[in-house]
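K.L.:
Whatever this is, show me its structure:
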Amino acid sequence: MKDHRIDGVRRRMGFLNGFNVTPIGRAGGLSLWWDDTVEVEILFSSKHIIDARMMEKGAHRWVRFTGVYGTSYRYEKVKFWNWMSTYFSPSDMPWLCGGDFNEFLWDSEKAGGSQVLYNRPRYLESCLNSSELLDLDFNGPAFTWRGMRNGSLVEERLDRGLCNRNWQDVWPNTTVTHGTAKEVDCKEVVRKSWVCREDEGAQERWLKKINDCRSQLIRWSQNKFKMRSYQIDYLLEQLGELQKNWGPHREEILEKSRLIDTLWAQEESFWQQRSRVKWLREGYANTKFFHQTTLQRRRRNKVLKIRNSNGDWVENPNQVRRLVDEHFMTSFRSGGGPKLGDNS
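P.N.:
Purely as a prediction, here's the structure:
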């Protein structure tokens with residue numbers, strides 16, 4: 001997101017002041033916002049951190065705040081965390097530090113995927129020791145990130161809040177809360193994409209909204225429906241393991257089976273809709289497609305044999321046609337008549 005768009009969002013949220021680290025292409029980008037009750041001085045910034053000191057107007061104490069976005073690239077981690085351990089020396093000011101570190105601290109902060117190695121590099125732990133920062137712990141869900149890796153669901157706690165002892169002495173009740181992840185629906189994607197921009201003409205705004213909405217819906221569709229397929233594969237793998245020993249796992253097996261059935265029903269509904277969309281898009285415009293669809297329906301509806309009034313099966317096409325004609329001719333007479341397949 002470009003700086004002018006970030007500033008527009010900031011102003012709509014009611015923050016008068018801000019500092020941005022411009023993204024590189026579509027990657028990265030950081031932003032720190034504050035209102036006019038706070039005086040802020042930026043100490044250092046890069047694509048990974050914004051380090052600042054701030055003081056409430058009328059107060060006489062500076063505090064330090066550092067926002068972090070750790071590198072997610074393995075080849076950058078050694079260089080990045082060596083720099084962090086050097087730059088983040090202990091501070092005499094009350095210091096709050098938080099963000100997405102892209103590292104977990106304890107082995108229990110990861111679930112699923114490959115096994116955590118006992119001799120893995122402990123970048124975050126080393127940084128906390130050198131800077132004398134303390135983990136603030138959290139309330140809420142245990143993990144802040146989840147995704148699929150090689151067909152398995154992986155969950156990790158990558159986001160956290162840290163503080164030093166001076167901060168803890170002044171504000172001992174500081175807490176971190178992990179919000180509940182909420183699935184965004186299609187309507188919400190469209191609504192957010194259609195936010196009005198007043199800095200452009202009407203035609204430019206309309207074209208921008210259409211393009212933004214299209215790209216956001218494509219991304220939403222890929223994430224939502226691809227994830228469901230991964231979930232089914234993951235649950236089936238778990239179910240296979242549980243069914244090796246039914247006795248103690250019976251309730252869990254039933255619960256996972258119900259969940260798989262639900263996901264399968266959603267997947268079936270999705271593909272039925274996709275098939276209908278394809279027919280609407282291609283049916284009349286594509287003669288070959290329409291012709292093949294008609295032939296398929298004709299084969300499905302074709303009467304291959306029929307039972308006559310004596311209970312005998314008739315398969316000859318001409319005799320089948322004659323029996324059908326006789327049935328309807330007799331049915332529409334005033335006196336009625338025998339029905340096809342009547343053995344009496």
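
K.L.:
downstream neighbour of the least confident helix or strand in the chain by mean pLDDT in the secondary structure list?
P.N.:
One helix or strand of the chain scores below all others by mean pLDDT, DSSP states H and E: helix 287-301, with a mean of 57. On the C-terminal side of helix 287-301, the closest following helix or strand by DSSP states H and E is strand 306-307.

K.L.:
Tell me where the stretch 101-250 of the chain has helices.
P.N.:
123-131, 165-170, 186-193, 202-242, 246-282 (DSSP state H, counting those that start in this stretch).

K.L.:
residues contacting residue 122?
P.N.:
By Cβ atoms under 8 Å, 6 or more residues apart in numbering, residue 122 lies in contact with nothing. Placement of C-beta: from N, CA and C, glycine included.

K.L.:
mind checking pLDDT for it?
P.N.:
Listed pLDDT for residue 122 reads 92.

K.L.:
Count the neighbours of the closest residue in space to residue 243 that isn't next to it in sequence for me.
P.N.:
Distances taken as Cβ to Cβ, 6 or more residues apart in numbering put residue 253 closest to residue 243, at 6.2 Å, once the chain neighbours are dropped. For residue 253, the neighbour count with other Cβ atoms under 10 Å is 15.

K.L.:
try residue 318
P.N.:
Residue 318 has 8 nearby residues by other Cβ under 10 Å.

K.L.:
Could you chop this protein up by domain?
P.N.:
Taking automatic domain parsing as the criterion, the chain consists of the domains 3-184, 202-286, 303-344.

K.L.:
Can you read off the pLDDT for residue 234?
P.N.:
Predicted confidence (pLDDT) at residue 234: the value is 78.

K.L.:
who's in contact with it?
P.N.:
148, 151-153.

K.L.:
filter those residues to the buried ones?
P.N.:
148, 153 (16 or more other Cβ atoms under 10 Å).

K.L.:
In the contacts of residue 234, which has the lowest confidence score?
P.N.:
The lowest pLDDT within the contacts of residue 234 belongs to residue 151, with 72.

K.L.:
Does it touch residue 230 like I think?
P.N.:
Yes. Counting by Cβ atoms under 8 Å, residue 230 is a contact partner of residue 151 at 6.3 Å.

K.L.:
Output the below-cut-off pLDDT ranges for this protein.
P.N.:
1, 26, 180-187, 193-207, 221-228, 267-302, 332-344 (pLDDT under 70).

K.L.:
mind running it again at 50?
P.N.:
Within the chain, the segments meeting pLDDT under 50 span 284, 334, 336-337, 340, 342-344.

K.L.:
Give me the contacts around stretch 11-25.
P.N.:
Contacts for stretch 11-25 (Cβ under 8 Å, 6+ apart): 1-3, 6-7, 10, 28-36, 40, 42, 45-47, 50, 52.

K.L.:
Need phi/psi at residue 38.
P.N.:
For residue 38, the backbone dihedrals (degrees, to the nearest 10) come out as phi -130, psi 140.

K.L.:
repeat for residue 23
P.N.:
phi -70, psi 160.

K.L.:
what separates it from residue 220, distance-wise?
P.N.:
Using Cβ to Cβ, to the nearest Å, one gets 21 Å for the distance from residue 23 to residue 220.

K.L.:
tell me which element residue 327 falls in.
P.N.:
Assessed by DSSP H and E, residue 327 sits inside helix 317-331.

K.L.:
mind listing what's buried in that helix?
P.N.:
320, 323, 327.

K.L.:
leaving aside the residues next to it on the chain, what's closest to the first one?
P.N.:
So the one you mean is residue 320. Nearest non-adjacent residue to residue 320 (Cβ to Cβ, 6+ apart): residue 306, at 5.3 Å.
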